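*Asks:* The following comprises the amino acid sequence and a computationally predicted model.
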Amino acid sequence: MPYSEKQLVKAPMKPSPSLLYNNLTWCAGSLVYAHIRQACTFPLAALGSSGVPVAVRKVESQHSDVIHSVVACAHNANSYLVLATDAGIQIWDKTVTHLLHVWALPSAAAPDLAPRHGHFARGVAINVTNDGVPCICFGTSTGAVFSLGMGDDSGKFKPAPVQLPRHHTAPITCVGTAYQSRQGKWTEDLGCHLVTCDEEGGIAVWEALVAAQAAGHKLLSAVAPTGVPVVAVAVRRELVVAARLDGAVQVYGLRDGKLRADLGAASRFITAMDIHPTKDLIATVSEDCSLGVWSLPMAGAKPECLLSVCWLQAMLTGVAFCGPTNDDVAVVAYDTDEVHVYKCT
Amino acid sequence: MSQLTMPLLVVNLGCEMTYILEQRLKAQNIPADKSCKVLNDVIKTMFDPGYVDKLFAPQDMYSVSQTRKIFDRLAHSSIMRLSESSMDKLFDLMMMGFKYQLLCSTKLEQMLEISLLHLATVRSIIESLPDRSAAPLIGTVEALITKTYKPMPMGQLHLVRQTLLRFFQDKRVKVSLFLQEGIQSSMGRIILPTPHNKYVGTATTYGLEGSLESQDKLKLKSASIQATEFFVHPAPLGTNLYNKERAQVVPPPRKGDAITGPLKPEEEYRTMGDEYGERRGSAGGSEFAYLSALLKVKAPAADNFKLNLFGDDDMGVPVSTGKVSSLQFAAGKKDGHLAGVMADMKLGEGKAKGDGDLLDLMDNA
């Protein structure tokens, strides 16, 4: 699959993205990122030749809450744009026009945590439990993880989420599932596993058996905290792919938590990772201005670097596989009024 | 977001402000006693023990306009008075200085190192003065900074960094000193350190038992980019770049802007004066009244002098405006504006409020 630094389309866009983990998502033909308290969206089709500005539509988060995660969740023919904020989560329709559901964080933070940070939600993924219920799963700054069930036929969400049994003691950084990694495209190897990661570098793998019960979520395996936060996580073929803040992308066994591979993707501060929905590829970006597209070391295959570029003087903060076949790679940078898209030829 | 960012913000911005003021006082040959008074007053106000205690308490990050008001009041804590545009320019330099230091940090611990270097340098400035009475206050702040941030794990430190960088988002000003010494590109972008090290591109696989199976070094095209594109200024982050005794740095030639410069560079970098002008118009009276009790403002001295804040030879003036701004020391004369400002402030009051806001405590220390 050919990528080249020359197959680049870049366009001005305003406002600039914030420095968040995974601050770019592909949602039903549009790219979406967060600018402080606003979700910003534009259709990829609007990206013409280089230099032509894209018209970005800004959607203020409810009550102007600061956004910590912006994630597109696809299920069957539907897509949702989920914002995790200081106040809780907001679920928007795929056009980011109608606010479908809001859930507010409980007012009191966990009493045993020192007041080092404000209360917030962060990390979102869609999962389907073993009993067939689609759920939006998200984490919080207390380390709690929640699963909000959805009525399959109605498309409506349950009034309140179920809290998973306590495991993490540090703020959740990201959440992943195989279904999220496939962008809602059904495959036989999906399973019902949910992976949660925290600021201390711990990883937990849950088996989501019964959606409506906390006890319906069982801890399957865990990777002990390493001290290095996991900033992005994906699940593919019984493997957990975790991007860590120090620049490493590590692959662990889903069931045994053992390290299978380690890839030096960046020199410092990885900010985002996306996984291709149908191919075993990942894209990583970092504050050190580097973008990499890599083939995963799976099924005996060795990892390869398919694209390695530097966007000079830019701290990259979001990356997303996008386009009609999801083969193009879009990138945005903190405090930079521009989007770059590398076209796959 | 992190609730422990305000100490880093205020300390580092305050030290940058001290650097700039000290340089201007020297450049204008202000008599030593007057320079000494200005610098001591600013440091004593900024590092007043009661205020520092509140500063280090967990709290939400202040907005840019609220922070601007803190330093506005700090600048008025001595005998000097700044026009709005002068204060805007000073604040521009302070903001861009600390933003540069954050962006160019390659390790999270550097936020602590930068803060301690700022404080050590300010202490050396104070200790070179006839009156060194402000110096012990700096030691207390150094200890608090170390105590607060040294034990922080990586995840929390990165949240502090993200919260700080959210504060600086969309704040872009070209600074002549930064352009001349290669800190900013000709387009105004901060030049970031290299993304290359020995680890990048290394791919290691392990067997099921944990044994090493293979290790390869992947060839990365990005590694061929010349090192000069990632020029790093040799002065440690937090150094007093305004010190005239420092040797000027000549950056290497760089092709970066020609390759990947912003598509419309001029529009992105404008004076922040316009922004502050808008905010001054929209700031509610109640907000200013609430904030006005921030600093303990001393009665103006009987004598006065005029200080030229951004003279012709200044290397730090924001490029976007070429005007020279004057810093007027008008104490002792009848000044309607100053009288109005003084009337809003609470002078000589007693004990600090119990759980008063950070902004209230400066005045009650």
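*Replies:* Good, I have the coordinates.

*Asks:* and the residue of the stretch 101-250 of chain A found nearest chain B, what does it touch?
*Replies:* Going by CB to the nearest CB, chain B is nearest to A:E199 of the stretch 101-250 of chain A, at 2.6 Å. Placement of C-beta: from N, CA and C, glycine included. Residues in contact with A:E199 (CB atoms under 8 Å, 6 or more residues apart in numbering or on different chains) are A:170-173, A:229, B:153-156, B:158-159.

*Asks:* Recalculate using a threshold of 10 Å.
*Replies:* A:117, A:122, A:141, A:143, A:168-173, A:225, A:227-231, A:245, B:153-159 (CB atoms under 10 Å, 6 or more residues apart in numbering or on different chains).

*Asks:* of those residues, buried ones?
*Replies:* A:117, A:122, A:141, A:143, A:168, A:170-173, A:225, A:228-231, A:245, B:153-159 (16 or more other CB atoms under 10 Å in any protein chain shown).

*Asks:* Name the SS class of the nearest residue to B:P252 once chain neighbours are set aside, please.
*Replies:* Excluding the flanking residues, the one nearest B:P252 by CB to CB, 6 or more residues apart in numbering or on different chains is B:T228, at 4.3 Å. Taken by DSSP: H, G, I helix; E, B strand; the rest coil, the conformation at B:T228 corresponds to helix.

*Asks:* re the thing from before, per-residue confidence for the residue of the stretch 101-250 of chain A closest to chain B?
*Replies:* pLDDT for A:E199: 95.

*Asks:* do B:G207 as well
*Replies:* For B:G207, pLDDT reads 87.

*Asks:* State the distance from it to B:S214.
*Replies:* 10 Å (CB to CB, to the nearest Å).

*Asks:* Check B:D92 too.
*Replies:* On the measure of CB to CB, B:D92 and B:S214 end up 53 Å apart.

*Asks:* Please identify which of these two sits among more neighbours.
*Replies:* More crowded of B:D92 and B:S214, by other CB atoms under 10 Å in any protein chain shown: B:D92, with 25 against 13.

*Asks:* ok, back up a step: just the ones in helices from the contacts of A:E199, please.
*Replies:* By the criterion of DSSP state H, membership of the contacts of A:E199 in helices covers B:154-159.

*Asks:* Near chain A, list only the ones from those residues.
*Replies:* B:154-159 (CB under 10 Å from any CB of the partner chain).

*Asks:* Do I have it right that the residue nearest to B:P252 meets B:S185?
*Replies:* No: B:T228 is beyond contact range of B:S185, at 12.0 Å (criterion: CB atoms under 10 Å).

*Asks:* ok, those two, which is more surrounded?
*Replies:* B:S185 (24 against 14).

*Asks:* And the residue of chain B that's closest to chain A?
*Replies:* B:G155 (2.6 Å).

*Asks:* How about that residue: what's its closest non-neighbour residue?
*Replies:* In space, B:G155 is closest to A:E199, 2.6 Å off (CB to CB, 6+ apart).

*Asks:* Just give me the neighbour total for A:Q62.
*Replies:* With other CB under 10 Å as criterion, A:Q62 counts 16.

*Asks:* residues contacting the residue nearest to it when sequence neighbours are not counted?
*Replies:* Of all residues not flanking A:Q62 in the chain, A:Q90 sits nearest, at 5.6 Å (CB to CB, 6+ apart). Counting by CB under 10 Å, 6+ apart, A:Q90 touches A:39, A:59, A:61-63, A:65, A:67, A:81-84, A:99-104, A:121.

*Asks:* which element follows the helix or strand containing A:Q90 toward the C-terminus?
*Replies:* Secondary structure assignment for A:Q90, by DSSP states H and E: strand A:88-93. Past strand A:88-93, further along toward the C-terminus, the next helix or strand under DSSP H and E is strand A:99-104.

*Asks:* Quick one: the helices in the stretch 101-250 of chain B, in order.
*Replies:* For the stretch 101-250 of chain B, the helices defined by DSSP state H, counting those that start in this stretch cover B:110-127, B:135-149, B:154-168, B:176-180.

*Asks:* So which bits of the first one are buried?
*Replies:* Okay, so that is helix B:110-127. For helix B:110-127, by 16+ other CB under 10 Å, it's B:110-119, B:121-123, B:125-126.

*Asks:* filter the residues you listed by proximity to chain A?
*Replies:* Within the buried residues of helix B:110-127, nothing lies near chain A by CB under 10 Å from any CB.

*Asks:* Tell me the one among those residues nearest to A:N23.
*Replies:* Using CB to CB, B:M111 is the member of those that lies nearest A:N23, at 21.2 Å.

*Asks:* got the contact list for that closest one?
*Replies:* Neighbours of B:M111 in contact, by CB under 10 Å, 6+ apart: B:5, B:8, B:12, B:101-102, B:105, B:145, B:149, B:152, B:157, B:160-161, B:164, B:237-238.

*Asks:* Residue numbers of the stretch 1-150 of chain B in contact with chain A?
*Replies:* So the stretch 1-150 of chain B meets chain A at B:1-5, B:57-61, B:99, B:103, B:105-108, B:148 (CB under 10 Å from any CB).

*Asks:* so B:M94 touches B:E16, yeah?
*Replies:* Yes: counting by CB under 10 Å, B:E16 is a contact partner of B:M94 at 4.4 Å.

*Asks:* Between these two, which contacts overlap?
*Replies:* In contact with both B:M94 and B:E16: B:F71, using CB under 10 Å, 6+ apart.

*Asks:* List the residues that contact A:T177.
*Replies:* Under the criterion of CB under 10 Å, 6+ apart, the neighbours of A:T177 are A:73, A:125-128, A:135, A:137, A:190-195, A:206, A:208, A:233-235.

*Asks:* One more pass at 6 Å, please.
*Replies:* A:125, A:127, A:194, A:235 (CB atoms under 6 Å, 6 or more residues apart in numbering or on different chains).

*Asks:* Direction included, what does the helix or strand that contains the first one pair against?
*Replies:* What it means is A:A125. Applying DSSP H and E as the criterion places A:A125 in strand A:121-128. Its sheet considered, strand A:121-128 pairs with strand A:134-140 (antiparallel) by DSSP bridges.

*Asks:* angle of the partner strand against strand A:88-93?
*Replies:* Per axes from the mean of the first three to the mean of the last three CA atoms, to 10 degrees, the angle that strand A:134-140 makes with strand A:88-93 is 150 degrees.

*Asks:* counting contacts, what elements does the helix or strand that strand A:134-140 is followed by pack onto?
*Replies:* Proceeding N to C from strand A:134-140, the next assigned helix or strand is strand A:145-149, under DSSP H and E. The contact analysis (3 or more CB pairs under 6 Å, 6 or more residues apart in numbering or on different chains; DSSP states H and E) places strand A:145-149 against strand A:134-140.

*Asks:* what's the strand it packs on in contact with?
*Replies:* A:75, A:84, A:89, A:121-128, A:145-150, A:172, A:175, A:194, A:196, A:211.

*Asks:* could you show me where the strands are in chain B, in order?
*Replies:* B:81-82, B:202-206, B:212-217, B:306-308, B:326-328 (DSSP state E).

*Asks:* Please work out the average pLDDT along the fourth one.
*Replies:* I take that to be strand B:306-308. 57.

*Asks:* just the shortest one next, same as before
*Replies:* For strand B:81-82, the mean pLDDT works out to 76.
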